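just need the structure, nothing else, for what follows:
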Amino acid sequence: MADKDQGGNRQFSDEELQDLVASSDSGARAPTNRNVALLISGLALAWSLFQLWIAQPMLWFAQYAPVFNSSETRPIHLTFAIVLAFLAYPAFKSSPRGHIPLADWLLAGIGGFCAFYIFLFSDHLATTARSGLPTTTQVVIGATGLLVLLEASRRALGPALTIVGSLFLLYAYMGTGWLIPDLIEHEGLSFTALINAQWLDTAGVFGIPLGVSTAFVFLFVLFGSLLDKAGAGNYFIKLAFAGLGHLRGGPAKAAVVGSAMTGLISGSSIANVVTTGTFTIPLMKRVGFTNEQAGSVEVASSVNGQIMPPVMGAAAFLMVEFIGISYVEVIKHAFIPAVISYIALIYIVHLEALKKDMPALGEAKSFVGMLVKFFVGFAIAGVAFTALIYIVGGLRSVLPGLTGPIMMTVLGLVYLGLVAIAARQPDLKEDDPNDPEIKLPTVGEVYATGLHYVLPIIVLVWFLMVERQSPAKSAFYATSLMLAIIVTQRPLKAMFRGQGGELAAQFKAGLGDLREGLIAGARNMIGIGVATAAAGIIVATVTKTPIGTELAALVEQLSGGVLIIMLVLVGLFSLILGMGLPTTANYIVVSSLMASVVVSLGAQEGLIVPLIAAHLFVFYFGIMADVTPPVGLASFAAAAVSGGDPIRTGFTAFFYSLRTVALPFLFIFNPTLILYGVDLGTWQGIFQAVFVFVIATFAMLLFAAATQGYFLARSRIYESAALLLVAFTLFVPNVWLDMVQSPFREIPPAQFEEVLGEVEEGTRMRLRVEGPDFNTGDTAETTLVMNAEGASAQERIQNSGLLLFPEGDSVRLDEPMFGTATAEKLSSFDFYAEDPVRLAQVQIPRDRIPAQVFYIPALLLLGLVILMQRRRQTKPAF
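As a prediction, this is how the structure comes out:
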């Protein structure tokens, strides 16, 4: 039974918490009929095996079985998702969970048929619907499929995505109406054209989002499910508590680190909250955190798991497709913000412990000493990984044909050695956080028990970062190793422990773990599969209607043209659009609508925003919807564990997450924070990256101290303001430099070609273009960047795609060469109107003092704050 805490708030039982996770992630229905339960499990198992089959990169079965292309695998993927959505998710909270009503069987069959139809008749669709000639039967099947998909989305994800998808369908069909602003009005699509675009074509439901879910996301979710089933989740939590539990406020620090490590293998912030929170939240309350604070720390750290590479709630793979950059580039850009955000959260927890003078669990240990050990361990691991790269490189040069077999043999031997080490320790048990006597483990007792769980992660990172293989192939290799581990670890431990008589039983138990892991992975994918399909409705609507191009103008009108207000509005829109949606779906929705808005609005204000920065901006705000009341799903889950008030938990978690809110603004104005333009292939680039990381971490800690109102002692308002000013200066010193010294010098447009031939190759020039807007005819302007690439001015102009026609003191632009980046950026201009499109301004970089000069006054101001607070300091800062 659930009980109530002293404040009268309801605290859920373990059974209710597991039901909460199931309701959101894997389906709450548990049929009592054994055959029905076996059917659901069998379908889930078949889905996992199908995904492993199509992911097999060597295609050894090509001569024996057909090899499907992406337009064939996506419908099969969605067929499994829709059928399982109706079998596993009840229609309403009051709906039966012990059996499946007839209506659900019918919906599962109809939805599955509508999706599978796209696979069965893919050749016929190519000559009819996808050639613009859909048949009546196809339109009926497509319309039915859309309705059933929206219902499946409502069951698996809640009403948010269903409502948003329905509104976008209505907008695409109607085009005009009293609720549709004039700016985004259009003629409206015919019913046939709408269904063709959304269901029968490859750009809507069966478009890129579902393709990413099919090719990448499933394997990573399955990988995480198998890791967790093997015992890695409990191992990571125990390791975090062994390392940090002895510190002041240790349970909260361990919750942050444990959630970070769990975030590596979990695609769900709600599952992360409940999995780690059932152990960490009671311990946080024990050392002095309130119900709301304990829940908020868990929420903030669990949601942050969604911004942590390599999975990022599956958004990393979507960014690869949407932006057109490599997966390694996405990880490079996302890494520093995610890591400094977690470091700052640990510091926030530390400050809360100092403010409340919280005790440590057990014998207190030094925070600084723990940090030193961590960085030493991190450095040793980095050196070892680098040495491995050179060793394998040398092996390839000497024995190119035998490198693969040798590496697999070594990997197998290392695995056997690590399992032998683990067998010397007893298997880790899940502790009871409510036990009156908590005995925290030591790192020495824990780390050896699960080192073999790190091997699949190393394999994943190796193939992604070193071999530069695709995410799908890398995940397949890592998952294959995980399959071997989950089957063999039990019998190997029994063998090393001298329990030969239990080998058969342990092998059978390992096969059981494998089966359950495969089923759990598929059930965790139901919501994501349905979400990516339903989000395809929004993507198709954006491409078929003016909303994608005109939303920027709407935001500009609302903001009055002030860039920072524009960014705040985009952030708010992203928060609202992301409410109630899982990470994958909210990223698809907000990036489809908002990412290009950030880029275009920045360009209109003269700020060149990299596309990856814009996508990370909307992604960060989208996942904050999991925190923010009134629909913060993770906050409600944490409150169910802690017994706290959900709304207060959400607001406290948002306050703890202010650093995650601030980061997107910072890397919009200073893209170096996401290592944009930093070449990690050179020593200079590596040193620059390390410098950026150190400075950004220091700045984020000061930001955390300012927002928490505590540094060395309780801060006065002016001290917090000073700390915010110092943090801002360390993050974006270029803002102050731009006020003092303009970054560019202007040259007359008529002299553009002459100057272009004189500047050094690679110089980034900024061109402001003015001309009539293609849709409205009004004068519009934008700023684009041109890299001086080529030996002569003519060659550089040709490489840029620009077509320039000097006319006295001005320069007229003709429509850029088709297929170039310039043509895409200037596509909103009407080059055939009476008024010409012209080059209004040319700016080239000027030599300036280093922006880091402003660190000097910032550090002097920080020194002044330290002097003032030292007089009031009563306890050590660390």
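
next, work out how far apart residue 652 and residue 643 are.
14 Å (C-beta to C-beta, to the nearest Å). Any C-beta I mention is one placed from the backbone N, CA and C, and that applies to glycine too.

same deal with residue 622?
Noted for residue 622: a distance of 29 Å to residue 643, by C-beta to C-beta.

who has more neighbours, the two?
residue 622 (29 against 24; other C-beta atoms under 10 Å).

quick one: list the elements packing against the helix or strand that one falls within.
Residue 622 belongs to helix 611-624 when elements are defined using DSSP states H and E. Where contact means 3 or more C-beta pairs under 8 Å, 6 or more residues apart in numbering; DSSP states H and E, helix 611-624 is packed against helix 315-323, helix 327-355, helix 563-578, helix 583-590, helix 596-604, helix 658-669.

give the rounded mean pLDDT of the host helix or strand of residue 417.
Residue 417 belongs to helix 403-423 when assigned by DSSP H and E. The average pLDDT for helix 403-423 rounds to 91.

what are the phi and psi values at residue 744?
With angles defined as degrees, to the nearest 10, residue 744 sits at phi -130, psi 160.

pretty sure it contacts residue 845?
Yes: with contact defined as C-beta atoms under 8 Å, residue 744 and residue 845 form a contacting pair (6.0 Å).

more neighbours, the two?
residue 744 (17 against 14).

how much space between residue 406 and residue 251?
Taking C-beta to C-beta, one finds residue 406 at 45 Å from residue 251.

give me the more crowded residue out of those two.
residue 251 (34 against 12).

re earlier: the helix holding residue 417 packs against which elements?
Counting by 3+ C-beta pairs under 8 Å, 6+ apart, helix 403-423 packs on helix 367-398, helix 454-461, helix 471-496.

so for the last one, what's the average pLDDT?
For helix 471-496, the mean pLDDT works out to 90.

which helix or strand lies directly C-terminal to that helix?
With secondary structure assigned by DSSP H and E, helix 471-496 is succeeded by helix 503-544.

list the helices and strands whichever helix or strand comes after that following helix packs on?
Sequence-wise, the next helix or strand downstream of helix 503-544 (DSSP H and E) is helix 547-559. Under the contact criterion of 3+ C-beta pairs under 8 Å, 6+ apart, helix 547-559 touches helix 563-578, helix 596-604.

next, the angle from the longest one to helix 547-559.
In other words, helix 563-578. 130 degrees (axes from the mean of the first three to the mean of the last three C-alpha atoms, to 10 degrees).

next, the angle from helix 563-578 to helix 611-624.
50 degrees.

what is the mean pLDDT for helix 563-578?
80.

with only the CA atoms kept, save the helix or strand where residue 241 lies in PDB.
Assessed by DSSP H and E, residue 241 sits inside helix 232-244. As requested, C-alpha coordinates have been extracted for helix 232-244 and formatted as PDB (Å, rounded to 0.1, in the frame of the first residue of the first chain):
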ATOM      1  CA  ALA A 232      25.100  -2.900 -15.000                       C
ATOM      2  CA  GLY A 233      22.400  -0.500 -13.700                       C
ATOM      3  CA  ASN A 234      22.800  -1.700 -10.100                       C
ATOM      4  CA  TYR A 235      26.600  -1.800 -10.600                       C
ATOM      5  CA  PHE A 236      26.700   1.900 -11.700                       C
ATOM      6  CA  ILE A 237      24.600   3.000  -8.800                       C
ATOM      7  CA  LYS A 238      26.700   1.000  -6.300                       C
ATOM      8  CA  LEU A 239      29.900   2.400  -7.800                       C
ATOM      9  CA  ALA A 240      28.600   6.000  -7.500                       C
ATOM     10  CA  PHE A 241      27.600   5.400  -3.800                       C
ATOM     11  CA  ALA A 242      31.000   3.800  -3.100                       C
ATOM     12  CA  GLY A 243      32.800   6.800  -4.500                       C
ATOM     13  CA  LEU A 244      30.600   9.700  -3.300                       C
END
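
buried ones in that helix?
With burial defined by 16 or more other C-beta atoms under 10 Å, the residues of helix 232-244 counted as buried are 232-244.

let's see whichever helix or strand comes after that helix as CSV, backbone CA atoms only.
As assigned by DSSP H and E, the chain's next helix or strand after helix 232-244 is helix 250-263. In CSV, the C-alpha atoms belonging to helix 250-263 read as follows (Å, rounded to 0.1, in the frame of the first residue of the first chain):
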residue,chain,number,x,y,z
GLY,A,250,26.9,12.1,-0.4
PRO,A,251,23.6,10.4,-1.4
ALA,A,252,22.6,13.3,-3.6
LYS,A,253,26.1,13.5,-5.2
ALA,A,254,25.9,9.7,-5.8
ALA,A,255,22.4,10.2,-7.3
VAL,A,256,23.8,12.7,-9.8
VAL,A,257,26.7,10.5,-10.9
GLY,A,258,24.6,7.3,-10.8
SER,A,259,21.9,8.9,-13.0
ALA,A,260,24.6,10.1,-15.4
MET,A,261,25.9,6.6,-15.8
THR,A,262,22.4,5.2,-16.0
GLY,A,263,21.6,7.9,-18.6
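
which other helices and strands does helix 250-263 contact?
helix 232-244, helix 269-286, helix 291-304, helix 327-355.

okay, those helices in JSON lines with mean pLDDT and distance to residue 515 next?
Below are the helices and strands packed on helix 250-263 laid out as JSON lines (pLDDT from 0 to 100; distance: least, C-beta to C-beta, whole Å):
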{"stretch": "helix 232-244", "mean pLDDT": "81", "distance to residue 515": "18"}
{"stretch": "helix 269-286", "mean pLDDT": "75", "distance to residue 515": "20"}
{"stretch": "helix 291-304", "mean pLDDT": "83", "distance to residue 515": "28"}
{"stretch": "helix 327-355", "mean pLDDT": "86", "distance to residue 515": "30"}
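
nearest to residue 67, of those helices?
The closest of those to residue 67 is helix 327-355. By C-beta to C-beta, the value is 23.1 Å.

just checking, what packs against that closest one?
Right, helix 327-355 is packed against helix 250-263, helix 291-304, helix 315-323, helix 611-624, helix 658-669, helix 683-708 by 3+ C-beta pairs under 8 Å, 6+ apart.

residues contacting the shortest one, please?
Contacting residues not belonging to helix 315-323 are listed as 208-209, 211-212, 215-217, 220, 306, 309-310, 325-327, 330-331, 334, 471, 583-584, 587-588, 591, 595, 611-612, 615, 619 [C-beta atoms under 8 Å, 6 or more residues apart in numbering].

can I have the buried ones of those as a ChimeraX selection?
Burial among those is assessed by 16+ other C-beta under 10 Å; the matching ChimeraX selection reads:
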select :208,209,211,212,215,216,217,220,306,309,310,325,327,330,331,334,471,583,584,587,588,591,595,611,612,615,619
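
what sits up against stretch 735-753?
For stretch 735-753, the external contacting residues (C-beta under 8 Å, 6+ apart) are 669, 728-729, 734, 755, 766, 793, 797, 804, 806, 808-811, 838-846, 848-849, 851, 853-854.

from those residues, which would you call buried?
Buried among the contacts of stretch 735-753 by 16+ other C-beta under 10 Å: 669, 728-729, 734, 755, 766, 793, 797, 804, 811, 838-839, 841-844, 851, 854.

which SS state does residue 211 fall under?
Classification of residue 211 using DSSP: H, G, I helix; E, B strand; the rest coil returns helix.
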